[in-house]
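# Need coordinates for the below:
(one chain, ligands or ions: 1)
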Amino acid sequence: MPVPSPLVDRLKNIVGPEYVTEELCDRLVYSKDYSIEGIADDYTPDLVVKPGSVEEIEQIVAAANEFKVPLYTWGAGTSMSGNPLAVYHGIVLDTKRMNRILEVDPANLTITVQAGATMAEVQAAAKKHGVFFTHQPESCLSSTIGGALSCMGMSIFGAKYGYAYDQLVGVEVVLGTGKRIRIGGKSYLSVPSHNLMNLFLGAEGTLGIITEAVLKVYPLPATRDRVSYAFSDITTAMEACKRVHGAGCWPETVYAFDRRSLVQYMERSKTPIPEELSMAVLFGCSGDPDLVEKMLEVISRSCEQENGVRMSDEVTESWWDSVNINRETFDKSNFALSHTDYEPDLIDACVPLSKFQEYSDFCDELKKEFGWVDIDFGAFIVAGPRGPIPFCIYFSVPIDTRIPREIEKWFEFKEKMYSRAIEMGGSVSNANGVGLRSAPWVREQLGDAWELLTDIKSLVDPNNILNRGQRGFE
Ligand SMILES: Cc1cc2nc3c(=O)[nH]c(=O)nc-3n(C[C@H](O)[C@H](O)[C@H](O)COP(=O)(O)OP(=O)(O)OC[C@H]3O[C@@H](n4cnc5c(N)ncnc54)[C@H](O)[C@@H]3O)c2cc1C
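Numbering: from 1, shown residues only. Next up is the predicted model:
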């Protein structure tokens with residue numbers, strides 16, 4: 001159903017006619033994100049609006065409420081879970097004009113930004129002032145602060161610093177009612193009572209539109225170095241990570257890839273990957289050169305105690321270049337994402353550490369059952385927030401989305417994988433967002449607490465305007 005014309009006129013008055021579009025070619029840009037869910041249905045919005053200020057956002061939300069038209073917040077659309085998609089069409093609100101860096105404050109180690117700023121823009125602004133903004137997803141050149149805070153995403157530096165949400169000390173949000181609130185400030189402990197900021201973290205735009213964030217930055221580390229080790233299986237690789245932690249060593253990067261993931265990531269590189277490798281772990285450290293040297297020594301000792309074999313510096317550097325994607329390093333990446341006719345998607349789950357191997361074996365068996373014998377799935381495991389012990393395991397699953405039955409099979413496969421994770425005492429992860437991808441399992445896992453969440457939703461968004469149909473909110 002098209003957006004009623006009085007509402008279109010209202011929106012044009014609020015932001016200016018040049019920032020409202022109903023043209024199909026413009027709307028199609030917002031019809032898909034990077035999820036397979038996005039391919040499986042039509043999510044083209046009826047209208048796109050691009051506000052330039054928080055006052056405009058307040059007025060847009062008020063107008064959408066009056067007409068009860070759904071409003072979907074859109075950062076860069078790099079989500080892999082379908083969470084910015086306009087399930088009930090309506091309006092997409094694109095935040096990218098709200099990309100100002102408002103203040104870098106090295107004295108107080110904070111940076112204040114608008115929510116549409118990209119990670120790369122925030123990092124560059126921080127660096128200019130000699131400080132370090134640590135959240136670095138592989139999508140950092142385009143994904144926005146609003147998207148990162150809303151999705152609980154991961155960062156290559158997460159093992160030491162945590163993720164985007166760990167950096168938040170203050171936030172401005174426009175609720176579904178149109179009311180603007182600010183929580184927190186510039187102090188690292190700005191909230192004396194219940195930390196209400198957490199309500200909006202990982203909420204995927206369902207409770208409010210984040211318009212501004214005060215984030216932590218850190219002194220720029222003097223040096224950065226890394227090492228990688230090959231292991232015979234997942235369990236020994238995880239034991240090595242535990243040893244590193246036990247030794248009081250705090251690397252900033254801990255990524256564990258199986259051979260297939262490594263091959264995918266180093267596809268463009270000529271560097272040979274050792275044949276016998278089953279699991280490999282990349283450890284990255286930063287800080288004072290003496291400290292970094294010592295940490296790498298402790299990591300090497302811990303890995304060798306688990307019979308890890310040190311990989312060549314060439315492999316380590318090539319791997320690092322492929323995950324450390326930002327403006328300066330982009331050309332060095334060996335990861336070619338669009339290299340086949342297949343669309344990559346992810347199963348991301350948290351299972352108890354001792355079950356990582358069993359879960360990975362289950363995935364391999366299921367893959368055979370589904371007849372996906374020629375397709376390589378990669379398993380990768382990440383550490384963080386704040387600790388070198390991994391917590392989340394991902395399987396990248398390439399799907400031939402040109403064949404509708406393959407898409408259906410993907411949904412069936414996903415169901416079995418997530419159900420198994422829960423049976424094992426684990427959880428569906430929201431590292432890449434819940435959105436349309438894993439909402440049913442979240443609801444199942446929350447049990448009675450789901451009612452509390454829906455009560456909160458109806459309090460802050462009584463007309464269910466914000467991201468209607470997402471995350472299991474009907
Ligand atoms: C090649 C590639 C690599 C990736 N690598 C990583 C990675 O390493 N780590 C990682 O975590 N993720 C990764 N992702 C996934 C994705 O980039 C992240 O989830 C990212 O945080 C999404 O940000 P975005 O600005 O694109 O948000 P969008 O995709 O536009 O939106 C995501 C969700 O956030 C909501 N939202 C956006 N802005 C706001 C706002 N201002 N207020 C409230 N809600 C808002 C949307 O409504 C939606 O629910 C990758 C994706 C791709 C395509």
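
# tell me the contacts of the residue most central in space within the chain?
Nearest to the mean C-alpha position of the chain, by CA atoms, centre = their mean, lies G153 at 2.6 Å. Listed by CB atoms under 8 Å, 6 or more residues apart in numbering, the contact partners of G153 are 135, 137, 143, 147, 163-164, 431-433. Bear in mind the C-beta positions are built from the backbone N, C-alpha and C, glycine included.

# okay, those in CSV with distance to the ligand and pLDDT next?
Listed next are the contacts of G153 as CSV, based on distance: CB to the nearest ligand atom, whole Å; pLDDT from 0 to 100:
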residue, distance to the ligand, pLDDT
H135, 9, 95
P137, 3, 92
S143, 4, 96
G147, 2, 97
Y163, 7, 89
A164, 7, 91
A431, 6, 77
N432, 5, 79
G433, 5, 85
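
# Reformat those residues as CSV; add secondary structure.
Converted to CSV, the contacts of G153 look like this (DSSP: H, G, I helix; E, B strand; the rest coil):
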residue, secondary structure
H135, coil
P137, coil
S143, coil
G147, helix
Y163, coil
A164, helix
A431, coil
N432, coil
G433, coil
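
# With neighbour count as extra columns, can I get those in JSON lines?
Shown next, in JSON lines, are the contacts of G153 (neighbours: other CB atoms under 10 Å):
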{"residue": "H135", "neighbour count": "27"}
{"residue": "P137", "neighbour count": "23"}
{"residue": "S143", "neighbour count": "23"}
{"residue": "G147", "neighbour count": "31"}
{"residue": "Y163", "neighbour count": "24"}
{"residue": "A164", "neighbour count": "32"}
{"residue": "A431", "neighbour count": "25"}
{"residue": "N432", "neighbour count": "25"}
{"residue": "G433", "neighbour count": "29"}
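
# Run a quick neighbour tally on the closest residue to N324 other than its chain neighbours.
Nearest residue to N324, sequence neighbours excluded (CB to CB, 6 or more residues apart in numbering): I156, at 6.0 Å. By other CB atoms under 10 Å, 24 other residues sit near I156.

# does I156 really touch S286, like I thought?
No: at 11.3 Å, I156 and S286 do not qualify as touching, with contact defined as CB atoms under 8 Å.

# tell me, what's touching those two both at once?
E252.

# I'd like to know which elements the helix or strand of the chain with the lowest mean pLDDT is packed against.
Using mean pLDDT, DSSP states H and E, strand 378-383 stands out as the lowest-scoring helix or strand of the chain, at a mean of 72. Where contact means 3 or more CB pairs under 8 Å, 6 or more residues apart in numbering; DSSP states H and E, strand 378-383 is packed against helix 158-161, helix 234-246, strand 253-258, helix 259-265, helix 356-369, strand 390-399.

# and the nearest residue to M152 once chain neighbours are set aside, what pLDDT?
Spatial nearest neighbour of M152, chain neighbours left out: G202 (4.0 Å); criterion: CB to CB, 6+ apart. On the pLDDT scale, G202 is placed at 93.

# got the contact list for G202?
150-152, 165, 430, 434.

# and the gap between it and the ligand?
9 Å (CB to the nearest ligand atom, to the nearest Å).

# How about Y34?
4 Å.

# same thing with G90?
Relative to the ligand, and taking CB to the nearest ligand atom, G90 is found at 13 Å.

# what about the closest residue in space to that residue that isn't next to it in sequence, how many neighbours?
Leaving aside its chain neighbours, G90 sits nearest to P70 (3.7 Å; criterion: CB to CB, 6+ apart). By the measure other CB under 10 Å, the count of residues near P70 is 22.

# And P70, what's its pLDDT?
So, for P70, pLDDT stands at 98.

# got it, and K368?
K368 is given a pLDDT of 89.

# Up against the ligand, what does the stretch 151-300 of the chain have?
Contacts of the stretch 151-300 of the chain with the ligand, taken as CB under 6 Å from any ligand atom, map to 151, 153-154, 204-205, 209-210.

# Work out for me the element A63 sits within.
Assigned by DSSP states H and E, A63 belongs to helix 54-67.

# Heading C-terminal from that helix, find the next helix or strand.
strand 71-74.

# chain center to that following strand, what's the gap?
17 Å (CA atoms, centre = their mean, to the nearest Å).

# Now the element after it, going C-ward?
Next along from strand 71-74, by DSSP H and E: strand 91-94.

# State the pLDDT value of A349.
In this model, A349 carries a pLDDT of 86.

# Can you tell me the closest non-neighbouring residue to it?
Using CB to CB, 6+ apart, the closest residue to A349 is A421 (3.7 Å).

# helices or strands up against the longest helix seen in the chain?
In the chain, taking DSSP state H as the definition, the longest helix is helix 404-423. Where contact means 3+ CB pairs under 8 Å, 6+ apart, helix 404-423 is packed against helix 37-40, strand 343-350, helix 356-369, strand 390-399, strand 427-428, helix 439-446.
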